[in-house]
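In: Here is my input, please return the structure:
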Amino acid sequence: MVVLLWIIIFGVMIGFRSMLPMALLSWGAWRGQIPVAGTKFAFIGNPWLLTLFILLAIAEIGLDKWPGTPNRTMPAGISVRALMGALAGATLAVAGLEMWWKGLGAGVLGALIGTVLGYSLRQYFVDSFRCKDFYVALGEDIVTLIGVHWVFTHIPL
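Out: Numbers count the residues shown, from 1 in each chain. Below is the predicted model of the structure:
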């Protein structure tokens with residue numbers, strides 16, 4: 001049960017940045033820190049998938065700073081975050097000896113919460129402090145990195 005709470009928190013990080021947490025999850029699986037070897041989610045640690053997630057994370061971080069980038073609450077943004085939340089949640093659940101479908105649900109829930117929360121917080125900081133969106137987006141990148149690290153160092157796998 002505790003693993004599922006951590007999966008929800010990880011899902012929130014996916015709502016902030018969809019590919020960065022996935023790249024770090026894949027990296028952890030590739031290094032053996034996320035124990036998925038021998039499971040149906042072992043593919044997460046594949047070096048080719050890891051490379052793809054890293055490239056997508058770099059692209060997402062860069063494109064997010066551009067003014068013309070659609071916001072995450074558009075259907076495509078929500079769909080990608082829900083899909084990544086489902087995949088990450090199921091993977092972490094199997095690694096944490098939970099049922100994969102419970103992790104899938106927890107991951108999607110966290111990703112949806114994170115999507116709305118991230119969008120709302122970003123708008124709040126830009127409007128309230130009259131700062132550039134670019135700087136708030138950088139802060140969001142840092143929060144995501146710290147949040148994923150926090151989950152990985154505390155989740156009982």
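In: right, and the helix or strand after the helix or strand harbouring Gly110?
Out: Gly110 is part of helix 100-129 when elements are defined by DSSP states H and E. Tracing the chain C-terminally past helix 100-129 and defining elements by DSSP H and E, one meets helix 133-154 next.
In: helices or strands up against the helix holding Gly110?
Out: Under the contact criterion of 3 or more Cβ pairs under 8 Å, 6 or more residues apart in numbering; DSSP states H and E, helix 100-129 touches helix 2-16, helix 75-95, helix 133-154. Where C-beta positions appear, they are placed from N, C-alpha and C, glycine not excepted.
In: Who are the contact partners of Val136?
Out: Applying Cβ atoms under 8 Å, 6 or more residues apart in numbering to Val136 gives the contacts Arg122, Phe125, Val126.
In: what's the answer for Ile7, then?
Out: Applying Cβ under 8 Å, 6+ apart to Ile7 gives the contacts Ala88, Gly89, Leu92, Ala93, Gly96, Gly103, Ala106, Gly107, Gly110, Ile155.
In: What is the nearest of those to Gly11?
Out: Nearest to Gly11, judged by Cβ to Cβ, of the contacts of Ile7 is Gly110 at 1.9 Å.
In: Quick one: neighbours of the closest residue to that closest one other than its chain neighbours, just the number.
Out: The shortest distance from Gly110 to any residue other than its chain neighbours is 1.9 Å, reached at Gly11 (Cβ to Cβ, 6 or more residues apart in numbering). Gly11 is flanked by 31 other residues according to other Cβ atoms under 10 Å.
In: can you check the one 3 residues further on too?
Out: Counted with other Cβ under 10 Å, residues neighbouring Ile14 total 34.
In: Check Tyr135 too.
Out: Other residues near Tyr135 come to 13 when the count uses other Cβ under 10 Å.
In: can you check Ser128 too?
Out: Using other Cβ under 10 Å, Ser128 has 8 neighbouring residues.
In: That one and Leu117: what is the separation?
Out: 16 Å (Cβ to Cβ, to the nearest Å).
In: can you check Ala93 too?
Out: Following Cβ to Cβ, the distance that separates Ala93 from Leu117 is 22 Å.
In: same thing with Leu109?
Out: Taking Cβ to Cβ as the measure, Leu109 and Leu117 are separated by 12 Å.
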